[in-house]
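J.: What follows is a protein structure lacking sequence information:
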């Protein structure tokens, strides 16, 4: 019975990794859409189509993982650490699903602001690279039961928050000069906010990893 249960837990790990990979793809392509050239509508449309399709796949994967977790709870009646692990996975997929939504939101805004050259779009590439690393580490922490990796994700969220603060300050300075469309600046701020929120979701996932291992949610 335990061997079968371990196989199902491994399947859960694989599904979580797949959902994480889909989220990474959505983020990467949303940033590519944001940085397409002004006249390159074909590239923007290409990346946007990938993001929206990937978001739908993320939603589908969330449903599949939810069903698997419920099946494990009902059929295997896990106790202690195994139950915490499954419960954590149910919480984590909610964060992953929101990451897919926010990648779609970035892509929609990219349709309006991709043509601007404001400070090379500030620190959005740097923010996206950091949140991608956080996301990958958080799910890896889950599959490896690694508190160390989870704690590393939490530390990296400070870096994302600092970058978001820099974006806000620089946009305020740009608006104060009255030489740029204020609405454009607000859209850029929204993109940076979505990336900051993605970092928060990765941190949430790391928190649930700690819960699954220790029984304490930070």
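T.: Cool, the structure landed. Here the structure is a predicted model, which means the values were calculated and not measured. Residues are numbered from 1 along each chain as shown.

J.: So residue 47 versus residue 36, what's the distance?
T.: As for residue 47, its distance to residue 36 is 7 Å (criterion: Cβ to Cβ, to the nearest Å). No exception for glycine: its C-beta is placed from N, CA and C like everyone else's.

J.: Could you do residue 151 as well?
T.: Look at residue 151 and residue 36: by Cβ to Cβ, they are 37 Å apart.

J.: repeat for residue 162
T.: Using Cβ to Cβ, one obtains 27 Å as the distance from residue 162 to residue 36.

J.: between those two, who's got more neighbours?
T.: More crowded of residue 162 and residue 36, by other Cβ atoms under 10 Å: residue 36, with 20 against 13.

J.: Quick check on that one: phi, psi?
T.: Backbone torsions for residue 36, taken as degrees, to the nearest 10, come to phi -70, psi 150.

J.: ok, now which ones touch it?
T.: 43, 44, 47, 110, 114 (Cβ atoms under 8 Å, 6 or more residues apart in numbering).

J.: By neighbour count, which of these wins?
T.: Among the contacts of residue 36, residue 110 has the most neighbours (other Cβ under 10 Å), with 24 neighbours.

J.: can you map out the helices along the protein?
T.: According to DSSP state H, the chain carries its helices in the segments 2-34, 41-76, 80-113, 124-144, 147-176, 182-214.

J.: orientation of the third one relative to helix 124-144 in degrees?
T.: Same thing as helix 80-113. If you take axes from the mean of the first three to the mean of the last three Cα atoms, to 10 degrees, helix 80-113 sits at 160 degrees to helix 124-144.

J.: Okay, buried residues for helix 80-113 please.
T.: Applying a neighbour-count criterion of 16 or more other Cβ atoms under 10 Å, one finds 82, 84-90, 92-93, 95-100, 102-107, 109-111, 113 buried in helix 80-113.

J.: for the protein, what are the low-confidence residue spans?
T.: Using pLDDT under 70 as the threshold, the predicted model of the chain has low-confidence ranges 1-2, 78, 118-121, 179, 218.

J.: how about 50 then?
T.: The model of the chain has no residue with pLDDT under 50.

J.: if I read this right, residue 23 contacts residue 102, doesn't it?
T.: No - between residue 23 and residue 102 there is no contact under Cβ atoms under 8 Å: 9.5 Å.
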